[in-house]
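Undergrad: Provide a 3D model corresponding to the input given below.
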Amino acid sequence: MVLENTVKKNRPYLAIFDLDETLIAANSASLWTAFLVEQEIALPALLAKEQKIMAAYTKGDMDMRSYLRSTLVPLVGKNIAAIEELVSVFIDQKIKPAIYQDGLARINWHKKRGDKVIIVSATSEHLVKPIAHMLGADDAIAIELETLNHIYTGNTKGVLSYQQGKVTRMKAWLASNDTLYKGCYGYSDSINDLPLLNAVDKPFAVNPDPTLAMHAQMKDWTIMDWRHDNNILR
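TA: Residues are numbered from 1 along each chain as shown. The predicted structure follows:
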């Protein structure tokens, strides 16, 4: 297992979850952009531009840096605390109704076993970290945002947690973590996460896109069908 730091008996497992379209029936970044337009913080033109770029995501060839240059513009000059307040409203209004209850149940299943649960997402940390906390994850890895004197600059920093970047960031996380794991589960819906799923020893394709579904069938991976019942987490 590529992401395994050691294998020993009586150690917990590590459970890695993608976020968008895996634990929630939506893309949190797209919902956020639409929310900012609703709040008149961003212009409607940004939503159209975001949707056009996102169309390439399902094909596995989205230019993530170009996407971020566009979608992070509304954060430029904003205070971290002000954005945190806005994100809290966003989670209540947009994210909680989109949660896959099966996904939440799977997180709880891992936690009852004593496993470590981490969400690894190609969405920015200002959204992923509070969403991960709300879902009960132990930690989260996301695209890191640059700030200066507690103000967002609109730039990113470090390795982007996208495609192979997720594996790179996970390896760095494991290297900085003192816990030793027996093995690693991985859950995702997207072909973009093929590097991550190939790096774990227990891969699961959750509501997979057509390309990932075909790959999962060829590799005899478990395919999970999580239905959205629109129940709001309270």
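
Undergrad: going by C-alpha atoms from here, please, whenever you check contacts or count neighbours.
TA: OK.

Undergrad: buried ones in the helix or strand of the chain with the lowest mean pLDDT?
TA: None of the helices or strands of the chain scores lower by mean pLDDT, DSSP states H and E than helix 44-54, at a mean of 82. Buried residues in helix 44-54, counted by 16 or more other Cα atoms under 10 Å: Leu46, Leu47, Glu50, Ile53, Met54.

Undergrad: for these, which one is nearest Asp92?
TA: Nearest to Asp92 out of those is Leu47 (Cα to Cα; 20.7 Å).

Undergrad: beta partners of Asp20?
TA: Residues in a beta bridge with Asp20, per DSSP bridges, are Ile24.

Undergrad: isn't it up against Asn27?
TA: Yes - contact criterion Cα atoms under 8 Å: Asp20 and Asn27 qualify, at 4.7 Å.

Undergrad: tell me which stretches of the chain form helices.
TA: Taking DSSP state H as the test, the helices found in the chain are 28-38, 44-54, 64-71, 80-90, 101-113, 125-135, 164-175, 194-199, 210-219.

Undergrad: what about the residue nearest the centre of the chain, distance to Arg113?
TA: Within the chain, the residue whose C-alpha comes closest to the C-alpha centroid is Ser121; the distance, by Cα atoms, centre = their mean, is 2.5 Å. The spacing between Ser121 and Arg113, counted by Cα to Cα, to the nearest Å, is 23 Å.

Undergrad: ok, now Ala15?
TA: If you measure Ala15 against Arg113 using Cα to Cα, the figure is 11 Å.

Undergrad: more neighbours: these two, which one.
TA: Counted by other Cα atoms under 10 Å, Ala15 and Arg113 do not tie: Ala15 has more neighbours, with 24 against 10.
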